[in-house]
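> Here is a sequence together with a model predicted from it:
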Amino acid sequence: MLSIINNFIAGEYVEGSRGNLFDKFSPIDGSLVCKVHESSRDDIDAAVAAARRGQAEWAAMAPAQRAAVLHRVADGIDRRAEDFVAAECRDTGKPHSLASHLDIPRGAANFRIFADLVGNVPTESFMTSTPGRDGALNYAVRVPKGVVGVISPWNLPFLLMTWKVGPALACGNAVIVKPSEETPTTTTMLGEVMNEAGVPKGVFNVVHGFGPDSAGEFLTTHPGVDAITFTGETRTGAAIMKACADGIRDVSFELGGKNPAIVFADCDIDKAIDGTVRSVFSNCGQVCLATERVYVERPIFEEFVARLAERAKALRIGIPSDDATAMGPLISKEHQAKVLGYYELAVQEGANVVCGGGIPQIGEAYREGSWVEPTIWTGVDHSHRIMREEVFGPCCAIMPFDSEEEVIALANDTEYGLACSIWTENLSRGHRVAARIDCGLTWVNCWFLRDLRTPFGGSKMSGIGREGGVHSLEFYTELRNVCVQL
Ligand code: NAD
Ligand code: 6OD
């Protein structure tokens, strides 16, 4: 039976008021997955009104009580993990093993960690001397921002949505989430878990649609929304920033990247190869932190390229439910066309195709899916567009380097600044180089090893602000000062 995805407003699943539905197609075989109710301006108005009512009730609850509710949300996700995994795999085509080990458990963790964190953060206070008087006590209190709009992408839909909803709710806000039009399902399913956990109606709302002239724009321009937190493309971030400027509303942006890996000749090459296979090809390369530029010190360049290519060619491409699948399809035909466009461009620009570069044969039943081959290029420099522009596919270009100074300059020669991995057994060098890379996250001898208490975000065109740990609390609350004359 074809499923219809509704909006979730004030604790109820509701159809879009205009009756417009859009189609969501499978990246695996191009079949219709579901039809989705697109939200109109009226629906966004209803969501904002519900959120304002719900937020007042939610913020009035004792923080410990809110934390207990959020723990029940996490438990509810765990109980239904299999349903969430199946839905995420259906929408994205990602391997079942990835969704069940990463996306869905991280969703539950995103509620637990921030539920526990909020009660344990001290705020500042000062004793202020006032000449001739008894002085004053100044202290700061944190209050929720109010109604937060959450706009999320399709690559790690549940993980990245809960990464914002968890702390926003823990801080006493209400949220209106607009998931990507490509991945509407798991965010919508979360509504039921929220109701069962006892989250007051209107605290968690979901609206569906696209960006411009649709739910995304209606949400970001709505005067009843107090802040917007967004994950997605850099140019979408720029459009949202303009929309938020009118209302002087706060934004937090996690945007695109063109992330380097630096492989020194003194690395443990087995670990560096394993790590680079993960960082380039996981989730079919559709991870904002994914490596797309690899710089390898010349003495190990040939060996590294040959071994990485061997591993890339051995990656099993297939459907989510096959346990042997290491890589699924891209999210959509549109994204496949973009990635294949870069594969073509690389060749036109004179890159050497070490492996891949085309569409793999998965079987007749999957001909309409959005498959691409894992791809590696050499023979490139920074004049090539594949060394400068985010592809967001399972591919990387590899360049040799001769010195630490040279590779630091190469790594930083980008308008992005999200993540970097450094592979070396010389930890002094690891620290030294990490300090000089202009990006928000540097991993030494690892990749995507996350501790949710750490600051997460990008420099330059990769974002504004930091979330994670207390940094999330900073974004999702406002600080007020109280001054008491003693
Ligand atoms: P996208 O920017 O196309 O879409 C993201 C969301 O924004 C979707 O929900 C979309 O409907 C909405 N949107 C689009 N235009 C809008 C507008 N004008 N107003 C309001 N909302 C609008 O991004 P995507 O294609 O879904 O995701 C891939 C991109 O996201 C890549 O560039 C990737 O690097 C980036 N990303 C970054 C991070 C990070 O943490 N830095 C994480 C994941 C993805
Ligand atoms: O791990 C996280 O918290 C996070 N925001 C990951 C982002 C991955 C981008 O695709």
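In hand now; what should we look at? Ligands and ions are numbered 1, 2, ... in the order given.
> Up against ligand 2, what does the stretch 351-486 of the chain have?
Residues of the stretch 351-486 of the chain lying near ligand 2 by C-beta under 6 Å from any ligand atom: 450, 456. (Glycine included, C-beta is placed from N, CA and C.)
> how about the helices in the stretch 351-486 of the chain?
Remark: helices assigned in the stretch 351-486 of the chain by DSSP state H, counting those that start in this stretch are 404-412, 427-434, 469-476.
> got these as a markdown table, with mean neighbour count, mean pLDDT and distance to Val296 columns?
A markdown table is the format used below for these (neighbours: other C-beta atoms under 10 Å; pLDDT from 0 to 100; distance: least, C-beta to C-beta, whole Å):
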| stretch | mean neighbour count | mean pLDDT | distance to Val296 |
| --- | --- | --- | --- |
| helix 404-412 | 17 | 98 | 9 |
| helix 427-434 | 15 | 98 | 14 |
| helix 469-476 | 21 | 96 | 33 |
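> which residues of the stretch 101-250 of the chain fall in helices?
104-118, 157-170, 185-197, 215-220, 234-246.
> quick one on the thing from earlier: looking at the helices of the stretch 351-486 of the chain, which is closest to Met194?
Among the helices of the stretch 351-486 of the chain, the nearest to Met194 by C-beta to C-beta is helix 469-476 (17.2 Å).
> still on that earlier bit, any chance of the helices of the stretch 101-250 of the chain in a markdown table with distance to ligand 1, mean pLDDT and mean neighbour count as columns?
Formatted as a markdown table, those follow (distance: least, C-beta to the nearest ligand atom, whole Å; pLDDT from 0 to 100; neighbours: other C-beta atoms under 10 Å):
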| stretch | distance to ligand 1 | mean pLDDT | mean neighbour count |
| --- | --- | --- | --- |
| helix 104-118 | 13 | 97 | 23 |
| helix 157-170 | 6 | 98 | 28 |
| helix 185-197 | 10 | 98 | 21 |
| helix 215-220 | 2 | 98 | 25 |
| helix 234-246 | 3 | 96 | 16 |
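> now for those, which one comes closest to His382?
helix 234-246 (18.8 Å).
> Can you list the helices and strands that that closest one packs against?
In terms of contacts (3 or more C-beta pairs under 8 Å, 6 or more residues apart in numbering; DSSP states H and E), helix 234-246 is packed against helix 215-220, strand 227-231, strand 250-254, strand 463-464.
> can you put the ones you listed in a markdown table and add distance to Val150?
Converted to a markdown table, the helices and strands packed on helix 234-246 look like this (distance: least, C-beta to C-beta, whole Å):
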| stretch | distance to Val150 |
| --- | --- |
| helix 215-220 | 9 |
| strand 227-231 | 6 |
| strand 250-254 | 10 |
| strand 463-464 | 15 |
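> In contact with the residue located most distally from the centre of the chain, which residues are there?
Computed with C-alpha atoms, centre = their mean, the residue of the chain farthest from its C-alpha average is Gly132, at 54.9 Å. By C-beta atoms under 8 Å, 6 or more residues apart in numbering, the contact set of Gly132 is empty.
> measure it to Val484 for me?
Gly132 is 17 Å from Val484, where distance means C-beta to C-beta, to the nearest Å.
> Bridge partners for Ala227, pull those for me.
Beta-bridge pairing for Ala227 (DSSP bridges): Val148, Asp250.
> ok, and what's touching the lengthiest helix in the chain?
Longest helix of the chain, by residue count under DSSP state H: helix 41-60. Helix 41-60 has contacts (C-beta under 8 Å, 6+ apart) with 7, 9-10, 14, 16-18, 39, 66, 143-144, 146-147, 169, 172-176, 199-203, 205, 207, 215, 218-219, 222, 224-225.
> Can you give me the pLDDT of Pro122?
What the model reports for Pro122 is a pLDDT of 89.
> For the stretch 201-350 of the chain, what lies in contact range of ligand 2?
Counting by C-beta under 6 Å from any ligand atom, the stretch 201-350 of the chain sits next to ligand 2 at 287-289.
> Can I get these in TSV including distance to ligand 1 and pLDDT?
Formatted as TSV, those follow (distance: C-beta to the nearest ligand atom, whole Å; pLDDT from 0 to 100):
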residue	distance to ligand 1	pLDDT
Val287	7	98
Cys288	3	98
Leu289	7	98
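> out of the residues you listed, which is most surrounded?
The residue in those with the most neighbours, by other C-beta atoms under 10 Å, is Cys288 (24 neighbours).
> Packing partners of the helix or strand containing Ala309?
Using DSSP states H and E, Ala309 falls within helix 301-314. Using 3+ C-beta pairs under 8 Å, 6+ apart as the contact test, the elements touching helix 301-314 are helix 269-281, strand 291-297, strand 352-355, strand 375-378, strand 395-401.
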